[in-house]
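Asks: Quick one: sequence and predicted model below, then my questions.
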Amino acid sequence: MPDQVVTAPDAAAPEKTVSPPAVATPTKGSRPDFEAALKKSDIRVLANTFHATIELYMPEKKQASYAKAQAEQIIKKFLEDNKPSDCVQTHRFSREGEESTVSTLYTSKGNYRLSIRMRPIEGALRIFSIRIEEDND
C-alpha cells in the first residue's frame, strides 16, 4: 500500500465566512420553512418566493389572481385577524417540476388547510398559488 501524504492546513490562510441573507430566497429544488414562518406570522418568507402574480383562494374572499404586493397584504391581514399558534406540514409532493405542500394552520379563530403550489421560474421555486380553507376535520 503506498504511503499517504497528509498536509496540514496553511495556518496563514484566512478563513472564509459567509453570512446567510436575512430572508432566504429558495433555489430550484429547495424552499424556506414556510410553516415556521407562518407560525410567527412572518409573511416576508412567503412573499420573497411569490411569482409576479399569485392565484389566491381565501375564506370570505373572491378567488382571483393578485399582484405580488397585493397578495402579500391580503395574507398579512388574514394572519393578523387569525393569529397563528402553529403550522404543521401534512403532505409534500412534486410533479412535473411543480412542488406542492399541504399544511394545517392552527389559529386563534380555528384551523385552516393551507395549500401552496410552486414551480421553478428563472432558476428558483416561486409560489404561484395559495389556498387557505377552513379545516372542518
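Replies: Perfect, I can see it now.
Asks: Do a quick rundown of the helices in this structure.
Replies: Per DSSP state H, the chain carries helices over the ranges 34-39, 43-47, 68-81.
Asks: would TSV of those with mean pLDDT be doable?
Replies: Compiled in TSV, these are given as follows (pLDDT from 0 to 100):
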stretch	mean pLDDT
helix 34-39	81
helix 43-47	86
helix 68-81	93
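Asks: Indicate which one of those is closest to residue 102.
Replies: helix 34-39 (11.0 Å; C-beta to C-beta). C-beta here means a position set from N, CA and C on the backbone, and glycine is covered the same way.
Asks: By mean pLDDT, which helix or strand of this structure comes out lowest?
Replies: Lowest by mean pLDDT, DSSP states H and E among the helices and strands of the chain is helix 34-39, with a mean of 81.
Asks: Surely residue 99 is in contact with residue 125?
Replies: Yes. Here residue 99 reaches residue 125: they are 6.2 Å apart, a contact under C-beta atoms under 8 Å.
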